[in-house]
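**Student:** Sequence and predicted model, in that order:
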Amino acid sequence: EGLLGEILIAGMGQTALPQPSDVDTLIAYMERNAMPAAEPGQYTGPGSELVIRKCSVCHELPSTTAHTASGWADLVRRMQANMGLMDVPPLTSEDADAIIEYLRTRAAGPTGGGS
């Protein structure tokens with residue numbers, strides 16, 4: 001059996017799945033700590049296509065207001081490292097900068113444009 005049915009996520013072929021007894025605990029943890037998902041139509045405008053194309057390869061798009069402007073920059077840099085671990089082509093410097101700028105202008109809190 002593979003993850004996502006018959007499709008194995010790149011780099012996840014040898015990953016051990018959690019024991020059935022641990023699934024409820026993991027779900028509860030993720031519900032408490034996961035970033036909120038983006039609302040429909042939240043990713044629009046110039047730059048949105050790049051963010052959608054690059055970020056949704058590995059996970060659902062988070063709400064653009066899930067982080068502050070500086071928080072998005074830190075997160076994108078961590079995701080770049082994760083991409084290497086997951087055998088996903090890493091972002092170019094230009095793509096990373098464009099994604100950070102897109103998210104920064106829509107971020108919550110200081111220097112972000114989100115609410």
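**Tutor:** Yes, it's here. Residues are numbered from 1 along each chain as shown.

**Student:** For the helix ranked longest in the chain, which residues meet the burial criterion?
**Tutor:** Scanning the chain for the longest helix, with DSSP state H as the assignment, gives helix 69-85. Applying a neighbour-count criterion of 16 or more other CB atoms under 10 Å, the buried positions in helix 69-85 are A69, G71, W72, A73, L75, V76, M79, Q80, M83. Bear in mind the C-beta positions are built from the backbone N, C-alpha and C, glycine included.

**Student:** Over to the nearest residue to the fifth one once chain neighbours are set aside: give its phi and psi.
**Tutor:** So that's L75. Once flanking residues are discounted, L75 sits nearest to H67: 6.0 Å by CB to CB, 6 or more residues apart in numbering. Torsion angles at H67 (phi, psi; degrees, to the nearest 10) stand at phi -140, psi 160.

**Student:** How many neighbouring residues does H67 have?
**Tutor:** H67 is flanked by 23 other residues according to other CB atoms under 10 Å.

**Student:** Now do the contacts for it.
**Tutor:** With CB atoms under 8 Å, 6 or more residues apart in numbering as the criterion, the residues that contact H67 are M35, L75, L103, A107, A108.

**Student:** how much space between it and A34?
**Tutor:** According to CB to CB, to the nearest Å, H67 and A34 sit 13 Å apart.

**Student:** residue ranges for the helices of this structure, please.
**Tutor:** Shown for the chain, the helices assigned by DSSP H span residues 20-33, 48-55, 69-85, 93-104.

**Student:** Of all those helices, which one comes closest to E39?
**Tutor:** helix 48-55 (13.3 Å; CB to CB).

**Student:** low pLDDT regions in this protein?
**Tutor:** Under the criterion of pLDDT under 70, the regions of the chain flagged as low confidence span 1-15, 109-115.

**Student:** And for it, the residue most distant from the center?
**Tutor:** For the chain, the largest distance from the centre (CA atoms, centre = their mean) belongs to S21, which lies 26.9 Å off.

**Student:** Check the spacing between N82 and A28 real quick.
**Tutor:** If you measure N82 against A28 using CB to CB, the figure is 23 Å.

**Student:** Excluding residues flanking it in the chain, which one is nearest R104?
**Tutor:** Closest residue in space to R104, ignoring its immediate chain neighbours: A69 at 4.2 Å, by CB to CB, 6+ apart.
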